[in-house]
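# Can you look at this prediction? I've put the sequence above it.
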Amino acid sequence: MSLMDSLAAGFALVGNVEAFFMLFCGLVIGVIGGAIPGLSATMAVALTLPFTFSMAPINGILLLLGVYKGGIFGGSIPAILIKTPGTPASSATILDGYPMAERGEAGRALGMALYASCTADAVSNLALILFAGWLASFALNFGPPEFFALILFSLTIIAGVSGESLLRGALSALAGLLLATIGLDLVYGTNRFTFGDPNMMGGLNFIAVLIGLFAIPEIIAMAWNPVAHLGKTRALGKSKVTLADYIGSFKSILRGSMIGVFLGSIPGIGAAPSAFLSYSEARRTSKNKDNFGKGEIEGVAASEAGNNGVAGATLIPLLALGVPGDVITAIIIGAFMVHGLQPGPMMFILNVDIIYGLFIGLIVSSVFLLIVGSVAIRGFRFVADVPKRLLMPAVLVLCIYGVFAVNNNIFDVGVMFAMGWVGYLMMRHRIPAAPFLIAFILGPLLEDNFRQSMLMSGSDPSILMRGPITWFFWTLTFITVFAITRSTLRKRVPLS
Amino acid sequence: MKLRTFGSVFALGLGLTAGAAMAEYPERPINMIIPYGAGGATDISARTIAEPLGNAVGEALVMANVTGAGGATGSVAVQNAKADGYTMLFARVGSHSVNPAMKATLPYTLDDFRFVTVYEINPVACAVRPDAGIDSMEDLIAKVNEGGVSYSSSGVGSLLHLAGAMVLKEFGVEDPLTQATHIPQKGGGAAATAVLNGTATFLCTNSSALASFVSNNQLKPLMVTTAEPVVGFDVPTANDLGKPALNQLVGWTGIAGPDGLPDDVAEKWGTWMAAATEDATFRETMEARGSVIELMDPEAANAFIQGQYEVFRALVDDLGMRIEG
Amino acid sequence: MRPGAFSIGAPISMTTKSLHLRIGIAAILGAAFLAAVAIPNYVSSPSNVGNIILSPVFWPYVLAGLTGIVGFGLVLTAVFSDLTVFDPRDEIAIPVGHAPWLRLAALAVIMGLVMVGLPRLGMVWTCMLAFVACAFLFRTRHPIAALVCAVVVPLLLYAFFAHVAGVAIPQGNFVRLP
């Protein structure tokens, strides 16, 4: 079948109002679900899944993809407005989005988040359509040694989000790595720091740690000084994003989208590290470098491009290999299977109409996201006008509900509170929280892939350098570490 | 207050105001705890049966995923709940026969639960990469004896972990733990990917998890552990290969309550499940995923699980796989 | 300046130098505690581990070592460089007197009570009480609005999570909501 025939077949499949309506519904559900902390994009997709069983395959899958894409964008709304990421992927957005909201520029930050998301989404979808086959076979070359090298390189992001002191950032990261060791050991299944508590055996819940670290310290700080915010212009987020803003950040958005596409096409990385990597790259190359972390709009653009760039690309391993890249695509695979579709290379031959139908739907989804997103921003922006001393107790209640809902476990609420005090202590000592979070995500991946490599090779460390991909990341790591060391030493000279 | 007690107190909170109202069970929504994450085999199975089962029960079923520690976190939440039938568990082969057999540190035993049904059986299949030069179990065993063979699993104490060792042992490998390397992954999807990208040589897992890879010729199946052939898997069964002992190696999903669940509640679940599994949509959906719907009443379910546990336990003790730390 | 020099109640404005000294020493102590007490006692390692780098304790020990090194680094920067600049942000943020400390303690008590109350009272009622307590702890200027929000917000969230998202929100022993 030629490309034109395939396209025509795809159009025939999605060329009805129902398919587009489902996509639209999905985006609405996703944006709302993503905007409620604790519900997260994953939960929203999982909750929608049962409804797709009775639909035509293409409609059901488009509905789920809509929820997925909407959810990843929706997460940035509470991240900017109340410093609580609605979904883990939007934690990088906090770094600059929340300071902007504090300055009274919530509207501008949200607008930029939307435009960056839509752009990255479109780039990601194009990459899926053009390179799916090629990227997928490349991703299959990633075994544990390659992952280890990639994650080691990703840990250099920490330098980018450490702020004023690299040492304090490193300390924060180490604390995150240590906390991530809680739970059952991967290779032997033994207990590590669980103190015999079955709730600890599963490790600390990621969302509980995340919300505890970012949202709760704000509430504690409010108790410390309830009038600190008075006199600051937080009121109405009337400011709007301008075309100049967009053009100024365009390079970062494009770079973030590429990073998202690359990391998204490799199974097992996910959107959060991609957002952080994109953020730190944007900061490294920006001329407003010093303004990052204090409310730089380019930072918001970069993080949102980084996480939405993943959304289309995770479908690459899913469609081309049948391998889910993260939890959300794992759920979406369930929808394929219920309809008797088996993602993988054969699907491009057997169900080419569905594949092209999906492609068409995806392209449209970027446009729909723009519409749904702008309505949602208008709806949610009033949050910025609520008096802060009323908003904070509401945030507390929202966090309790949200963290409970993630795993139906009251223990997680306790974890959130405890992490809140840790986060507050860190805030008081000017230890940045972002490295903690990145290390908490990447730490287990680093350790697991290291030990899997050692198991593969019978403890021979040379496996970590086994091929061109590992060489590439090792080189990249050394160059980055060298650059960081040099710039840190240079900075220190005038100080001493 | 110790954090540990929160779990039990919470579970008590869920199952309040029982006692006198028992006669009219159920009079309010029932909490159904799924001890694994969204999108997994247990979750999809549970959510598929939720609708027909809810119709049979006549009250809402509230599905709650409580994940962590290979199903232990969710299981403990039910273990500590009041035995009034308002907190029930979707038990799975990993959490309720492999884990108890392998882990000395597990915070529960099989005696802490009363099973009311097993409704789904998943055949287990073993598979390798097509370009690995392995065409049959014989080839695989020959490779194992040469050395350098590894198998992937979804984690320590999972069905896949035990299955790899059990199959090798059954086919005459003296000490599968040292002759083949176990490479644990995080989750079933990652385990299949590990074989796809050459990290591990083979894996033995539920046929439903392998079906799409097999039909796409990305993985080559070697055998299935059931007595009957499995649709889509053109390979010998365990019985064809003369290893009927492997018939015990199957996945299953069932429903359990805390130990001490009253007899009349267990009975009611028996009738509800009989009605729910008759549902045509449910059967179609499950069978499309490669499951075999096989309903067991409370007695049969308990006997089946106990039997499987004992087989696994004997193997674990024989090989020294038990995790004591 | 010694780390103990900051008594409770005193303003904690500090120079980067004393900050680094404090967290550096804390990091070294933490690393020593991990290596000497926490890892040997709370990380179990099976006896049949073939190679040390595969052992469950290997990675925690590496992390403890790195924490110690970073701690030393922080102390070194404090001792050998001239970081005596006051950070202006600290000066603004510090109110006078004991009241802030009391409010922090009160918030900690509220959080503790929430943990006790969630399984017994149920999530909705506990959150209503927590909302009111926090709003008044923060000395809100809108007491009526605070009371209204305290009732409405938990109820709305309950309606959403329990009936739209299908989450089993804890109900408590006393009053059950539909």
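In hand now; what should we look at?
# Where do the strands of the chain begin and end?
Going with chain A. A:183-184, A:191-192 (DSSP state E).
# nope, chain B please
B:30-34, B:61-65, B:87-92, B:113-122, B:124-128, B:149-153, B:180-184, B:202-206, B:220-224, B:251-258, B:292-296.
# buried stuff in the longest one?
Put plainly, it is strand B:113-122. B:113, B:114, B:115, B:116, B:117, B:118, B:119, B:120, B:121, B:122 (16 or more other CB atoms under 10 Å in any protein chain shown). C-beta here means a position set from N, CA and C on the backbone, and glycine is covered the same way.
# Quick check: the farthest pair among these?
B:114 and B:122 (22.7 Å; CB to CB).
# Next one, pLDDT for residue C:14 please.
If you check residue C:14, the pLDDT there is 60.
# For the residue in chain A that chain B sits nearest to, which non-adjacent residue is spatially closest?
Taking CB to the nearest CB, chain B has its nearest neighbour within chain A at residue A:202, 2.0 Å off. Excluding the flanking residues, the one nearest residue A:202 by CB to CB, 6 or more residues apart in numbering or on different chains is residue B:68, at 2.0 Å.
# Tell me how far whichever residue of chain C sits closest to chain B lies from residue B:320.
Distances between chain C and chain B by CB to the nearest CB are smallest at residue C:44, namely 3.4 Å. Computed as CB to CB, to the nearest Å, the residue C:44 to residue B:320 distance reads 17 Å.
# Kindly report the same for residue C:136.
Counting by CB to CB, the gap from residue C:136 to residue B:320 is 61 Å.
# Which of those two has more residues huddled nearby?
Legend: neighbour count by other CB atoms under 10 Å in any protein chain shown for residue C:136 and residue B:320, higher for residue C:136 (16 against 9).
# quick one: the more buried one is in a helix?
Yes - with DSSP: H, G, I helix; E, B strand; the rest coil as the criterion, residue C:136 is part of a helix.
# And it, what's its pLDDT?
89.
# The one residue in the stretch 301-450 of chain A that gets nearest to chain C: neighbouring residues, count only.
Nearest residue of the stretch 301-450 of chain A to chain C, counting by CB to the nearest CB: residue A:393, 3.9 Å away. When neighbours are counted by other CB under 10 Å, residue A:393 registers 27.
# Grab the nearest non-local neighbour of it.
According to CB to CB, 6+ apart, the nearest residue to residue A:393 is residue C:134 (3.9 Å).
# What of residue A:267?
residue A:325 (4.3 Å).
# Let me have the buried residues of strand B:113-122 in TSV, extended by pLDDT and distance to chain C.
Output for the buried residues of strand B:113-122, formatted as TSV (pLDDT from 0 to 100; distance: CB to the nearest CB, whole Å):
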residue	pLDDT	distance to chain C
B:113	93	19
B:114	92	21
B:115	93	22
B:116	92	19
B:117	93	21
B:118	94	24
B:119	93	21
B:120	92	22
B:121	91	28
B:122	91	26
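# quick one: contacts for the residue of chain C most remote from its centre?
Residue farthest from the centre of chain C, counting by CA atoms, centre = their mean, is residue C:50 at 38.8 Å. Residue C:50 sits next to residue A:459 when contact means CB atoms under 8 Å, 6 or more residues apart in numbering or on different chains.
# can you rerun that using 10 Å?
A:455, A:458, A:459, B:178 (CB atoms under 10 Å, 6 or more residues apart in numbering or on different chains).
# All set, thanks.
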